[in-house]
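Colleague: Pasting a predicted model and its sequence here:
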Amino acid sequence: MTGGGLAPDGRWQPSKGRRYLFPVAALAALFRGKFLARLVDARRRGRLHCPGASAALADPAAWQQLLGSLRAKPWYVYAKAPFAGPKQVLNYLARYTHRIAISNDRLVGVEEDRVRFRYKDYAAGSVIKELHLDAPEFLRRFLLHVVPRGFMRVRHYGLLANRQRADRLARCRAALGVDGPCPTATTALTPAERILQLTGIDILRCPVCGDGPMRRIERLAPDTS
């Protein structure tokens, strides 16, 4: 999401004000409308069931009364600037673009339908601990991170859309009078550092103890026999 765009004459048109990204009141009203529209559609398709205490909503009059009360209520969304700035948010989201929920190197083992994996306990000073979960519970937690059908983890719009991104970003840089991205930021990284940056997996860490670094002690010649 950019903080501006290209005007028809090629000038850079910045957004108005600093708090441009999400007008909270408008976002709340939009979310309410979208949510209730999907709710009504689910009932129309017979996919919305009302068991137990909600059984009375099977009556059309009660259902319409509920919708009316929900439309009349002010809905709220929670949105605020990050404490440590946008870089912290970018680093956090970047860890989810190439993997889901947990990386393979954190999985310790599976014995008798129980999964063992490592996690970082931030409340205890970022201490690495080990957790044991029954397989169904582990799968339940894992699937909470799987994007629902029709959703994408990363979408690019406007200037960042793939079709014309290179051309439009070049025009934006020309309008702003700035240089292109510096290639040394990525080429200076070693392969191990690059893998760690993209996936969160440290290939130099011992896969057995999960703590000590791996060191090369001998180079084996390829078997040509």
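Modeller: Sure thing, it's come through. Numbering: from 1, shown residues only.

Colleague: For stretch 47-66, output the C-alpha coordinates as CSV.
Modeller: In CSV, the C-alpha atoms belonging to stretch 47-66 read as follows (Å, rounded to 0.1, in the frame of the first residue of the first chain):
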residue,chain,number,x,y,z
ARG,A,47,-25.3,-23.2,5.2
LEU,A,48,-26.2,-21.3,8.4
HIS,A,49,-27.6,-23.5,11.2
CYS,A,50,-29.1,-22.2,14.5
PRO,A,51,-28.9,-25.0,17.1
GLY,A,52,-29.4,-24.7,20.9
ALA,A,53,-30.0,-21.3,22.3
SER,A,54,-30.1,-19.8,18.8
ALA,A,55,-32.8,-22.1,17.5
ALA,A,56,-35.4,-19.2,17.7
LEU,A,57,-33.6,-17.5,14.8
ALA,A,58,-35.0,-20.1,12.5
ASP,A,59,-38.2,-17.9,12.6
PRO,A,60,-37.9,-15.3,9.7
ALA,A,61,-39.3,-12.5,12.0
ALA,A,62,-36.7,-13.2,14.7
TRP,A,63,-34.0,-13.4,12.0
GLN,A,64,-34.9,-10.0,10.6
GLN,A,65,-35.1,-8.5,14.0
LEU,A,66,-31.6,-9.7,14.7
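
Colleague: what sits up against it?
Modeller: Stretch 47-66 is contacted from outside by 39, 42-43, using C-beta atoms under 8 Å, 6 or more residues apart in numbering. (Glycine included, C-beta is placed from N, CA and C.)

Colleague: Pipe these into JSON lines and attach neighbour count per row.
Modeller: Shown next, in JSON lines, are these (neighbours: other C-beta atoms under 10 Å):
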{"residue": "39", "neighbour count": "15"}
{"residue": "42", "neighbour count": "12"}
{"residue": "43", "neighbour count": "17"}
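
Colleague: Mind checking which of those are in helices?
Modeller: Counting by DSSP state H, the contacts of stretch 47-66 place 39, 42-43 in helices.

Colleague: now these in TSV, with distance to residue 145 and pLDDT?
Modeller: Converted to TSV, the ones in helices among the contacts of stretch 47-66 look like this (distance: C-beta to C-beta, whole Å; pLDDT from 0 to 100):
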residue	distance to residue 145	pLDDT
39	24	94
42	23	94
43	28	94
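
Colleague: before we move on, back to that, could you dump the contacts of stretch 47-66 into TSV and include distance to residue 142?
Modeller: Output for these, formatted as TSV (distance: C-beta to C-beta, whole Å):
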residue	distance to residue 142
39	28
42	26
43	31
